[in-house]
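# Predicted model and sequence follow; I will ask about them next.
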Amino acid sequence: MLKKNKKEIIRAKFFKMLILSSFVLLFYKSISYQLLPFGEIYEEQGEREFIRIKRIKAKRGDIYDRNLVPLAVSIYEDGEWKRKYPFGWITSNLIGFVNVDGEGLEGIEYEFNKDLKGKDGKMYYFRTADGKYLPLPEGKIILPKDGSDLILTIDIRIQKICAEVLKKYAERYKAKRGWVIAVDPRNGEILASCSYPFFNPERYYEYDNIHFRHNPVQYSFEPGSVFKPLTALYALKNLKVKLNEMFDVSKPIVIGNITINDPEIRYKKKKFFNLEEIIVHSSNIGISQVAKRLSPKEIEKFAKLCGFGTRTGILFPGENAGRIKSYKKWTKVDLFAFSFGQGLRVTPLQIAFFYSAIANGGYLLQPILIKGVKREEKYKEFPNKIIIRKIFDEKVSFVLKNILEKVVEYGSGKKAKIKGIKICGKTGTAQKYVKGKYSDELSIMSFVGFFPKENPVILIYIGLDEPKGVRFSSEIIPEMFKLIAKKIILIYGFNRYEA
């Protein structure tokens, strides 16, 4: 009996120890899950099992023109924000577009994506045992912060006029690409910036990359004769030429196997041109003789001073700086070619702002595209005028304006003439360099003009790349300028008849 009792006592103690050990083990596990690092993992897994997070998409900021006309807006449709572009192709490669996730991919949408997209919010849901989701208390909701709105310097009325004329002529003459820029030369504000070919930004995935390039900012080319006034400016500024001095333009200049001729002058009534006539009739022979007197080092330096070969600083992605070859590598032919716009690459924007300096009395301005950014009730205003530097004085500017007025009065730009308005302008027919030589068939044709002469408020630069069926810029580009300018005059309503 005693032995039996001892066995029962030992068995009881064993079970007690087993139960106690089990409780200790369970307690340890429980504590470890709560306090030790791997316990956190199990807790997170438990939350993931029962908690769901829904992203609340922030509204992307809207983009407006200078008069607060919407150019890009976000609307809530079918349970999500969708980006809409009220003017479609007209502003396509300027404004750009967003992808399916609402991220800006091109143009203004890309450059200011951080400001426009805002910050998404979150809502937490609890999953019940039967698979239903219930919203958690308000403390588990993080509200989205909508993106900022942008106000541009663009005037959509002018943008529309420029885009429609560009599209019409580019399609008529089967051009490879083209551009129109309209600028206020007094402060550098861009009123219109168009690039051909256009596209539908709400169906961007149907187009290739050439449609997305914004030519005024991102394309560089040899400018041709629109560059001649830079050579004339430098020569006048440094007293290398007199206005009444005559140059023999009757014979081509031959250097080795290179011949410099005047293809745009079909018939010369005069053998000698002064500086005004060289520019008005766009004489390569004449401007080469002017360049012969200039220092390659100094003319290269002056070109850079005028903004060529460097980025303008415009708030737009992918700006092309262009290219100027070092004067140390120039030959005599390179100096002559440089004088009439060959052997360097520029952007349409650089040309527009060089001519803006002629229009405004010698000031190189920074291009301005953004007027301000608005976030909730706060408005950040951008500078409305930034002077980079003064590059020549008003006297030289005055002389150049008189010469450029004659280009439109009776020279290569006469198709741009509008009765009652004094317009200054210059044509350019730049042969394209193809397979080691300049083509007689492929060219970039352009015209830049501003008005009214005495106090210019509008400057327009137009270009078409490889238009078919025309030989010289003077045939069609000044005509495009006139169509655009006449409609802008109606919008602005200023007095057409100057004293």
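In hand now; what should we look at? Numbers count the residues shown, from 1 in each chain.

# only C-alpha atoms for contact and neighbour calcs from this point on.
Fine.

# Flag the helix or strand of the protein with the lowest per-element mean pLDDT.
Lowest mean confidence among the helices and strands of the chain (mean pLDDT, DSSP states H and E): helix 37-50, at a mean of 44.

# all helices for the stretch 151-300 of the chain, in order.
156-172, 215-218, 228-237, 275-280, 284-291, 296-305 (DSSP state H, counting those that start in this stretch).

# Which of those helices sits closest to Asn113?
helix 215-218 (18.6 Å; C-alpha to C-alpha).

# Now find how far off-centre that closest one is within its chain.
Centroid separation for helix 215-218 versus its chain: 5 Å, with C-alpha atoms, centre = their mean, to the nearest Å.

# phi, psi of Gln342?
Torsion angles at Gln342 (phi, psi; degrees, to the nearest 10) stand at phi -120, psi 150.

# So, low pLDDT: which residues of the stretch 201-350 of the chain?
Across the stretch 201-350 of the chain, the ranges flagged by pLDDT under 70 are 264-268.

# Swap in 90 and give it another go.
Scanning the stretch 201-350 of the chain for pLDDT under 90 picks out the ranges 256-258, 262-271, 332.

# Ok, which of the helices of the stretch 151-300 of the chain comes nearest Asp440?
So among these, helix 284-291 is nearest, using C-alpha to C-alpha, at 15.5 Å.

# Off-centre distance for that closest one?
Worked out by C-alpha atoms, centre = their mean, helix 284-291 lies 34 Å from the chain centre.

# Give me the helices and strands touching it, please.
helix 228-237, strand 247-248, helix 275-280, helix 332-339 (3 or more C-alpha pairs under 8 Å, 6 or more residues apart in numbering; DSSP states H and E).

# and the gap between Ala485 and Arg389?
29 Å (C-alpha to C-alpha, to the nearest Å).

# Comparing these two, which shows the higher neighbour count?
Ala485 (26 against 15; other C-alpha atoms under 10 Å).

# what residues are up against the more buried one?
Neighbouring residues of Ala485 by C-alpha atoms under 8 Å, 6 or more residues apart in numbering: there are none.

# so how many other residues sit close to Glu206?
Residues near Glu206, counting by other C-alpha under 10 Å, number 9.

# Lys119 too?
17.

# Please identify the helix or strand for Leu490.
helix 477-492 (DSSP states H and E).

# and that helix, which residues are buried?
477-482, 484-485, 488 (16 or more other C-alpha atoms under 10 Å).

# In this structure, spot the strand with the most residues.
When the chain is parsed with DSSP state E, its longest strand is strand 437-451.

# just checking, next helix/strand downstream of that one?
strand 458-465.

# if I look at Gln159, how far off is Asp101?
28 Å.

# Ile476 now?
43 Å.

# Next: Asn113.
Computed as C-alpha to C-alpha, the Asn113 to Asp101 distance reads 12 Å.

# more neighbours, those two?
Asn113 (21 against 9).

# Give the burial count for the residue lying closest to that one once chain neighbours are set aside, as a bare number.
Computed as C-alpha to C-alpha, 6 or more residues apart in numbering, the closest residue to Asn113 that is not its neighbour in sequence is Gly104, at 5.4 Å. Close neighbours of Gly104, defined as other C-alpha under 10 Å, add up to 21.

# Am I right that Gly104 is in contact with Asp115?
No: counting by C-alpha atoms under 8 Å, Asp115 is not a contact partner of Gly104; they are 10.6 Å apart.

# The residue nearest to Lys270 when sequence neighbours are not counted and Ser283: what is the separation?
Spatial nearest neighbour of Lys270, chain neighbours left out: Ser250 (7.9 Å); criterion: C-alpha to C-alpha, 6+ apart. To Ser283, Ser250 is 10 Å away according to C-alpha to C-alpha.

# And the two? Which one has more around it.
Higher neighbour count among Ser250 and Ser283: Ser283, with 23 against 16, using other C-alpha under 10 Å.

# For the residue lying closest to Leu275 once chain neighbours are set aside, give me phi and psi.
In space, and not counting its chain neighbours, Leu275 is closest to Leu243: 5.9 Å by C-alpha to C-alpha, 6+ apart. When quoted as degrees, to the nearest 10, the phi and psi of Leu243 stand at phi -60, psi -30.

# Am I right that Leu243 is in contact with Asn274?
Yes: look at Leu243 against Asn274 with C-alpha under 8 Å: they come within range, at 6.5 Å.

# Among these two, which residue is more densely surrounded?
Asn274 (19 against 12).

# what number of residues lie near Lys145?
18.

# Can you give me the distance of the residue nearest to it when sequence neighbours are not counted to Gly61?
Spatially, and ignoring its direct neighbours in sequence, Lys145 is nearest to Lys119 (5.0 Å; C-alpha to C-alpha, 6+ apart). From Lys119 across to Gly61, the span is 11 Å (C-alpha to C-alpha).

# pLDDT below threshold where in the stretch 1-150 of the chain?
For the stretch 1-150 of the chain (pLDDT under 90), the answer is 1-56, 77-80, 121-144.

# same thing but at 50, please
Within the stretch 1-150 of the chain, the segments meeting pLDDT under 50 span 1-3, 31-47.

# Could you confirm Ser412 falls within a helix?
No: judged by DSSP: H, G, I helix; E, B strand; the rest coil, Ser412 forms no part of a helix; its state is coil.

# how about the nearest residue to it once chain neighbours are set aside, phi and psi?
Nearest residue to Ser412, sequence neighbours excluded (C-alpha to C-alpha, 6+ apart): Ser474, at 5.4 Å. Backbone torsions of Ser474, given as degrees, to the nearest 10, read phi -60, psi -20.
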